[in-house]
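A.B. asks: Quick one, what's the 3D model for this:
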Amino acid sequence: MRDEKFFGMKIPKEWGGLGFSTQAVSAVLAKLATQCFDANATVAVPNSLGPGELLVRYGTQEQKEYFLPRLANGTLIPCFGLTGPHSGSDATSLIGSDCVVSKHPQTGELGVVASFKKRYITLAPVAGCVGLGLNLTDPDGLLGGKGEEGFTVALLERGHPGLRMGPRHMPLNAAFMNGTVEGEDVWIPMSSILGGQERCGFGWNMFVECLAEGRGVSLPAGSIGAAKSVVAGVGAYSRVRKQFRVPIAEFGGIQEAMAKAGSDGLITIAGGDVMNAIVDNHEAPMVISSVMKQNCTERGRRIVECGMDIAAGSAICRGDKNYLGNAYMSLPIAITVEGANIMTRSFQIIGQGLTRCHPHMSDLLRALQLPPAQEKEAVQTFVKQFHKIVGHGITNFFGSVFKGIGSTFSSTIRSKTSYKNGDDLLAYHEKQLLRLSNNFALTADLCFTLGGRLKFEELLMGRLADALGAIYLGYATLHHYHRRRGIQGLEALTEHAMLRLEREAQDALYAASENFPGPLGPIASTVMKIGCFPLGGITRPYTDPSDTLTKEVARLLTTPSEIRDMFQEGIYSAPAGTIHQMTDLIKALPICVEADKAAASIRKEKRKPTDEEANLIAKADALRDALIQVDVFEHATAEEAQPGYVRPALLGTTERFANLDKTVFKEAA
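C.D. replies: A predicted model of the protein is given here:
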C-alpha cells in the first residue's frame, strides 16, 4: 500500500501524492471493500480522516514541506485522534482533551501543555503521526489576539515526548489497526499546531471538512463495495445453488431478499455519486454527509444480511471460500464509528440542519443576538423575518395539500408497467418527491412550535431524518438513472428503489404526525395531517413494490444482464488461474444458466441431450459441486495444532468409558 501510494490518493501531485478526485478515491475504497474490509478501512483513514488534506488547506509552509511528501509516499502513516471515553458521538465536546497556552519553562517558547485520552483511533497502533483534537484555553492571554480559544488541532509524530501510541483494540476481531492515543502534560510548541498559532481555535472548521469526507464518502464506499459483492457473488450463487433440483433463485423468499439487496445497492451507489460530486465541488455539507453515513451504512448492513440469508451455510463457515463473513462483522463497525447511527439519526441530522436550512430562521436568530445599540434594527429584522416565516409556513401548507391530492391522483391512475418508459419514470417520481419535499418542509415549520425542546424530541427527529434521507436518496437515484439511462433493466431496478424510498418517507411522516410532541402537539399533529394527508389514508398512496416487479428485479440480478454488469464495475477480480470464490461464481453463472436452459428444453421435448448439451450440463454440475463446498479445517486454533492434542470433550468421553464394563455396542448386544 505504501509503495503504490494508497495513503496519498488525495494529496496533490506537487507534494508527491496522486491527486485523485473524491470520486476516484470512492471507487478505490469500494473496490477494496469487495475483497477485504480491513484493507478498505486502512486506506480510508489517510484519505479522509488523516491530516493530509487539512495540511494542504491549512498547514504552514514548513508543515507542508515536511509532512506532505512523507504522507504521500507512506513513510508516515497518519491517524486522527478525536474520540475519547467521554466524547463519543459528541466528539467535538473534547471532554478530557485539554490544553493550556503557556511558555516553555526553560526556553520561553510559546506553546500548549496538553493532556488527552483518545480511544477507537484507527491506525493509531502503527501510525507515524497523529492529528489531535484539543480544547485550547488561554487563561493568561498569551495568544495576544493571534489565534483563539476552542477546538484546536495539533500534529505530533510518534516518539514525541509524553505521547503514547501502541495499544490496540480488537473491534469484532477485525484485522485493521485501531487503538489508543494518550498523554499527560505533553508540551506542544506552536509550530506543531496545525496551521500555526493563527489556527488556534479553528479546529471546528477543519473537523467539518474532515468529517464530511469520512462520513459522506469513505464509509458509504464500504457499503457500495458490500452491495456489489452481494449482487455479483450472491446473485450468481443463487443460480449455482440448487435445492429440490431447482436453482434457489427461483424461490420467492430468495427473490424478495435479492431484489431488496439490489435496490438498496442502487440507492447507495446513487447517493455516493452525488456526494462525491459535492465534495469534489469543495463543499462540506454536514447534514448531507450525516444522511449519507447513517443511511448508506444501514443499507449496507441490510444488503449483507440479505446476502447472508441467501447464501446461508456457505456464508457462516469461515475460510477462503467465504466472501461475506468479514463484511457481515465489519459493517456494524462502520455503523458505530464517526457518530453512532442511532445518534446521527435521532439527533444530528435534524438537530444540525433544521435551523440552518430554513430560508428565514437564521436571520431571525441573528436579529436576537444583535447588541443593544442596534435594538431598532434588531426589532425591524425580527418582525420582517417572523412575517416571512409565517408566510413560508402558509405557502408550505397549501402547497402540501394541493401536491398531496395531485400526486395521489397520478399514483392511482398510473399503470404498473409505466416505468418501462424512462421519461414517464422520471416525471412521475420527480412529482412524488416534490410532494414529499413539500410535506417535509411543512413538518419542519411545525417543529418550531417546540422551540428549544425540539433537541430533546429525538423520536420525532429520527422520523424526520428517515424522511429527509429517503427524499435525498430518491433524488440521487433519479439522477443516477438520468446519467446511466440506456442500461437494459435499469428502469425496473430504479422503479423498485423509488417505490421503497417513497414508502419510507411517507411512513416516517405519517408516524411523525401521529406522535407530534409538545404542548401544541395535538394542534401541530392536526395541521400536519391535513397538510400532508388531506384525504386521510387515500392520500397515502405509496406501497411496496409489487411481486411482479420484485421477481423481475431478482431475475435481472441473478442472470447475465446489463444490470449485473453495472454492479460488477470496479469489483475485485482474481487473476486467471487463481482460485477465488466470488470470481469463480461470476464466471460460472452464464454456464449454469445455459445448462439449465438446455435441461429444461430436454425435459420439455422429452428427448435425449446432444453431446454438446450433455457436456454443458456436466460442466455446470461440476462447477456447482465445487462452488457450494465450504472450508473444513483439521484444526482451527494454534492449540489444536499441537502434537498429541485431543479435544477436551473426547477426553471426557474416554474417561467416562473407562468406568464402564462394556465400551462398544457389540459388547452390549
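A.B. asks: where does the chain dip in pLDDT?
C.D. replies: 89, 91-92, 209-210, 668-669 (pLDDT under 70).
A.B. asks: go again using 80 as the cut-off
C.D. replies: 49-50, 87-93, 207-214, 284, 338-339, 352-357, 662-663, 665-669 (pLDDT under 80).
A.B. asks: is residue 78 in a bridge, and if so with what?
C.D. replies: With DSSP bridges as the criterion, residue 78 is bridged to residue 129.
A.B. asks: what residues are up against it?
C.D. replies: 7, 45-46, 50-52, 71, 123, 127-131 (CB atoms under 8 Å, 6 or more residues apart in numbering). Bear in mind the C-beta positions are built from the backbone N, C-alpha and C, glycine included.
A.B. asks: Which ones among those lie within strands?
C.D. replies: 129, 130, 131 (DSSP state E).
A.B. asks: May I have the residues that are in contact with the last one?
C.D. replies: When you say that, I think you mean residue 131. Applying CB under 8 Å, 6+ apart, the residues near residue 131 are 50, 51, 54, 78, 79, 80, 81, 153, 154, 155, 194.
A.B. asks: and with 7 Å instead?
C.D. replies: When the contact criterion is CB atoms under 7 Å, 6 or more residues apart in numbering, the partners of residue 131 are 51, 54, 78, 80, 81, 153, 155, 194.
A.B. asks: so what's it closest to, chain neighbours aside?
C.D. replies: Closest residue to residue 131 apart from its sequence neighbours, by CB to CB, 6 or more residues apart in numbering: residue 51 at 3.9 Å.
A.B. asks: Sticking with the residue lying closest to residue 581 once chain neighbours are set aside, tell me its helix or strand.
C.D. replies: Excluding the flanking residues, the one nearest residue 581 by CB to CB, 6+ apart is residue 321, at 4.7 Å. Using DSSP states H and E, residue 321 sits within no helix or strand.
A.B. asks: Looks like residue 321 contacts residue 630 (just checking).
C.D. replies: Yes: the pair residue 321 and residue 630 passes the contact test of CB atoms under 7 Å, sitting 5.8 Å apart.
A.B. asks: So for these two, which sits in the more crowded spot?
C.D. replies: More crowded of residue 321 and residue 630, by other CB atoms under 10 Å: residue 321, with 20 against 14.
A.B. asks: Contact partners for that one?
C.D. replies: 581, 629, 630, 631.
A.B. asks: Residue 65 too?
C.D. replies: No contacts exist for residue 65 under CB under 7 Å, 6+ apart.
A.B. asks: host element of it?
C.D. replies: Per DSSP H and E: helix 61-72 holds residue 65.
A.B. asks: and what of residue 182?
C.D. replies: With DSSP H and E as the criterion, residue 182 is inside strand 178-189.
A.B. asks: Neighbouring strands - and their directions - for that strand?
C.D. replies: By DSSP bridges, strand 178-189 pairs with strand 110-122 (antiparallel), strand 164-168 (antiparallel).
A.B. asks: now residue 524: how far from residue 470?
C.D. replies: 22 Å (CB to CB, to the nearest Å).
A.B. asks: Around the residue lying closest to residue 247 once chain neighbours are set aside, how many other residues sit close by?
C.D. replies: For residue 247, ignoring the flanking residues on the chain, the nearest one in space by CB to CB, 6+ apart is residue 239 at 4.9 Å. Each residue near residue 239 was counted by other CB under 10 Å, and the total is 24.
A.B. asks: Looks to me like residue 239 is in a helix.
C.D. replies: Yes: looking at residue 239 with DSSP: H, G, I helix; E, B strand; the rest coil, it is inside a helix.
A.B. asks: Most neighbours of all the contacts of residue 321, which one?
C.D. replies: Neighbour max across the contacts of residue 321 (other CB under 10 Å) = residue 581, 22 neighbours.
A.B. asks: That one touches residue 325, doesn't it?
C.D. replies: No: counting by CB under 7 Å, residue 581 stays clear of residue 325, with 11.3 Å between them.
A.B. asks: Overlap of the contact sets of the two?
C.D. replies: In contact with both residue 581 and residue 325: no residue, using CB under 7 Å, 6+ apart.
A.B. asks: Do you have the helices of the stretch 351-500 of the chain handy? List them.
C.D. replies: For the stretch 351-500 of the chain, applying DSSP state H, counting those that start in this stretch gives helices covering 361-368, 375-413, 422-447, 458-484, 490-514.
A.B. asks: list the helices and strands the third one packs on?
C.D. replies: If you count contacts as 3 or more CB pairs under 7 Å, 6 or more residues apart in numbering; DSSP states H and E, helix 422-447 packs onto helix 375-413, helix 458-484, helix 490-514, helix 521-532.
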